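Enquirer: Turn this into a model:
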Amino acid sequence: MLTAENLTKKYGGHTALNALNLTIKEGEIFALLGQNGAGKTTTINLFLGFIEPTDGVLKINDIPVLLNASTTKQYVAYIPETVMLYPNLTGLENLKFFSSLAGFKYSLGELTYFLNKAGLQAAAHDQNLGGYSKGMRQKVGIAIAIAKKAKVLLLDEPTSGLDPKASNEFSQILKELSADGTAILMATHDIFRAREVATHIGIMKQGNLVTVIEASKISANELEDLYLQTV
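Expert: Reported below is the predicted structural model:
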């Protein structure tokens, strides 16, 4: 679902991303670890089409992004560190609005189902987002991704600022989406959550993907040691 071939991004003399090669299949969760400036967010922004690569090829569902930006965006949902929704609208109203922008018209029952599937408690569905916690806003973002029938989910620091309970709930939702075949790319600093939720983990340093491992083959403590040795 996601492919990068020698993907490179330079800003003048600075190389933000250097010849990245990456493949993420349906149902896989790939977690990118690395310090600030390692190239994690740059990678996500390239897939989103927010910036253009200096060199290389990137594809979503085997479709080149640069030549088919409007088509590839139909497959993608994006949840940034701070989910930007309308605070004066309810969770249901936000979901209805953003799913309609993607060309979908759902009944109240369907919208409610999507919010429930994303883990948002029923009592919050008709409350304005201005009173939501960060974790609750993220759940609305997940519901939008489900309603949009996104095959790819791109996440930038999704657990930053969440308490342990909300972080655990978010991880469980990602596992459910993965089981349904969604391909997930997640940039994070959270080594524990990366080990818990990901199928594959990559460690980046100064724009280079220096290590890729299967999450099931390493413990959280071993991953932390490897990360510290790498960065």
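Enquirer: Please count neighbours and contacts with C-alpha atoms only from this point.
Expert: Will do.
Enquirer: Quickly list what the most centrally placed residue in the chain is bridged to.
Expert: The structure's the chain has its C-alpha centroid closest to Leu155; by C-alpha atoms, centre = their mean the separation is 2.0 Å. Under the criterion DSSP bridges, Leu155 forms beta bridges with Ile79, Met186.
Enquirer: Sort out which residues of the helix or strand hosting Ser70 are buried, please.
Expert: Secondary structure assigned from DSSP states H and E places Ser70 in helix 69-73. In terms of neighbour count (16 or more other C-alpha atoms under 10 Å), helix 69-73 has its buried residues at Ala69, Thr72, Lys73.
Enquirer: For the last one, which non-adjacent residue is spatially closest?
Expert: The shortest distance from Lys73 to any residue other than its chain neighbours is 7.3 Å, reached at Leu48 (C-alpha to C-alpha, 6 or more residues apart in numbering).
Enquirer: Could you do Leu7 as well?
Expert: Leu7 sits nearest to Gly56 (C-alpha to C-alpha, 6+ apart), 4.2 Å away.
Enquirer: Give me the phi and psi for that neighbour.
Expert: phi 100, psi 180 (degrees, to the nearest 10).
Enquirer: how about the helices of the chain, start to end?
Expert: Remark: helices assigned in the chain by DSSP state H are 40-48, 69-73, 91-101, 108-117, 134-147, 164-179, 191-197, 220-230.
Enquirer: Could you tell me how many residues sit around the nearest residue to Ala145 once chain neighbours are set aside?
Expert: Closest residue to Ala145 apart from its sequence neighbours, by C-alpha to C-alpha, 6+ apart: Ala77 at 5.3 Å. Counted by other C-alpha atoms under 10 Å, the residues lying close to Ala77 total 21.
Enquirer: How about the contacts made by Ala77?
Expert: Applying C-alpha atoms under 8 Å, 6 or more residues apart in numbering to Ala77 gives the contacts Ile144, Ala145, Lys148, Ala150, Val152, Leu153, Leu154.
Enquirer: Distance to Ala198 added to those, as JSON lines?
Expert: Shown next, in JSON lines, are those (distance: C-alpha to C-alpha, whole Å):
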{"residue": "Ile144", "distance to Ala198": "22"}
{"residue": "Ala145", "distance to Ala198": "19"}
{"residue": "Lys148", "distance to Ala198": "23"}
{"residue": "Ala150", "distance to Ala198": "18"}
{"residue": "Val152", "distance to Ala198": "15"}
{"residue": "Leu153", "distance to Ala198": "13"}
{"residue": "Leu154", "distance to Ala198": "13"}
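Enquirer: For Gly109, state which of the residues you listed is nearest.
Expert: Ile144 (14.6 Å; C-alpha to C-alpha).
Enquirer: which ones are touching that closest one?
Expert: Ala77, Leu95, Phe98, Ser99, Phe114.
Enquirer: most neighbours, which of those residues?
Expert: Highest neighbour count within these: Leu95, with 27 neighbours (other C-alpha under 10 Å).
Enquirer: wouldn't it be in contact with Ala143 here?
Expert: Yes - the pair Leu95 and Ala143 qualifies as a contact (C-alpha atoms under 8 Å) at a distance of 7.1 Å.
Enquirer: Need the nearest residue in space to Lys148, chain neighbours excluded.
Expert: Excluding the flanking residues, the one nearest Lys148 by C-alpha to C-alpha, 6+ apart is Ser99, at 6.0 Å.
Enquirer: Which pLDDT value belongs to the closest residue to Glu224 other than its chain neighbours?
Expert: Take Glu224 and drop its neighbours on the chain: the residue closest to it by C-alpha to C-alpha, 6+ apart is Ile191, 6.7 Å away. Per-residue confidence (pLDDT) for Ile191: 92.
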